[in-house]
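Engineer: Here is the input, now give the coordinates:
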Amino acid sequence: MCALLPIILILETLFQEKKERMKLLKKFNLTGKEAIVGQGTIKQDAKGSGLTLTVKKDQMVTILRLNDNPPNKWLVKIDENIMGYVDSSNIEIDTKNIKQTMGKVRKNSKQPDEDDQPTYDDVPPDTVADEIEEEIYEEL
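Structural biologist: All right, here's what the predicted structure looks like:
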């Protein structure tokens, strides 16, 4: 039984960490499968409260979400168990990295062009509108 005690303690610790992480993900409406947007560096110290993080100048953060946040805030994480909002103006980012990420997002969620609209064979062409349009131009 004594040999199992360290294993039990490790398992309990892992379970608690996973439970805390799931609680944190739920708080920010995350699934845990979101793509990381980029990395950033904090420009100046800022004191946090509630869901806003306390951050220090030159601290590295991982940007998780740019949209669907409170106004002018980004969702970031400092490590696996510290996550919250930071003013977007207080984060120095590598814009090349963000552009690459946003390009990937656009490519994956490409909207269909207007010309890609479905064609319905059971609907006759609008010849009446075409005839009226021709008459208008003929009168001028």
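Engineer: in its sheet, what does the strand or helix carrying E92 sit against?
Structural biologist: Element membership for E92 (DSSP states H and E) is strand 91-93. Applying DSSP bridges to the sheet, strand 91-93 is found paired with strand 38-42 (antiparallel).
Engineer: Please work out the average pLDDT along the strand holding E92.
Structural biologist: For strand 91-93, the mean per-residue pLDDT is 92.
Engineer: who touches it?
Structural biologist: Residues outside strand 91-93 that contact it (Cβ atoms under 8 Å, 6 or more residues apart in numbering): 38-43, 61, 63, 74, 76. C-beta coordinates here come from the backbone N, C-alpha and C atoms, glycine included.
Engineer: Mark which of the residues you listed are buried, thanks.
Structural biologist: 38-40, 42, 61, 63, 74, 76 (16 or more other Cβ atoms under 10 Å).
Engineer: so what's the nearest residue to A46 once chain neighbours are set aside up against?
Structural biologist: Distances taken as Cβ to Cβ, 6 or more residues apart in numbering place V55 nearest to A46, at 5.3 Å, with adjacent residues excluded. Going by Cβ under 8 Å, 6+ apart, V55 touches 42, 45-46, 48, 61, 78, 86, 90.
Engineer: run the last query once more with 6 Å
Structural biologist: 42, 46, 86 (Cβ atoms under 6 Å, 6 or more residues apart in numbering).
Engineer: Check V61 too.
Structural biologist: Counted by Cβ under 6 Å, 6+ apart, V61 has contacts 40, 76, 78.
Engineer: Give me the secondary structure label for the nearest residue to D68 once chain neighbours are set aside.
Structural biologist: The shortest distance from D68 to any residue other than its chain neighbours is 7.7 Å, reached at N29 (Cβ to Cβ, 6+ apart). Classification of N29 by DSSP: H, G, I helix; E, B strand; the rest coil places it in coil.
Engineer: quick one on the thing from earlier: residues of the strand holding E92 that come out buried?
Structural biologist: Buried, per 16+ other Cβ under 10 Å, within strand 91-93: 91, 93.
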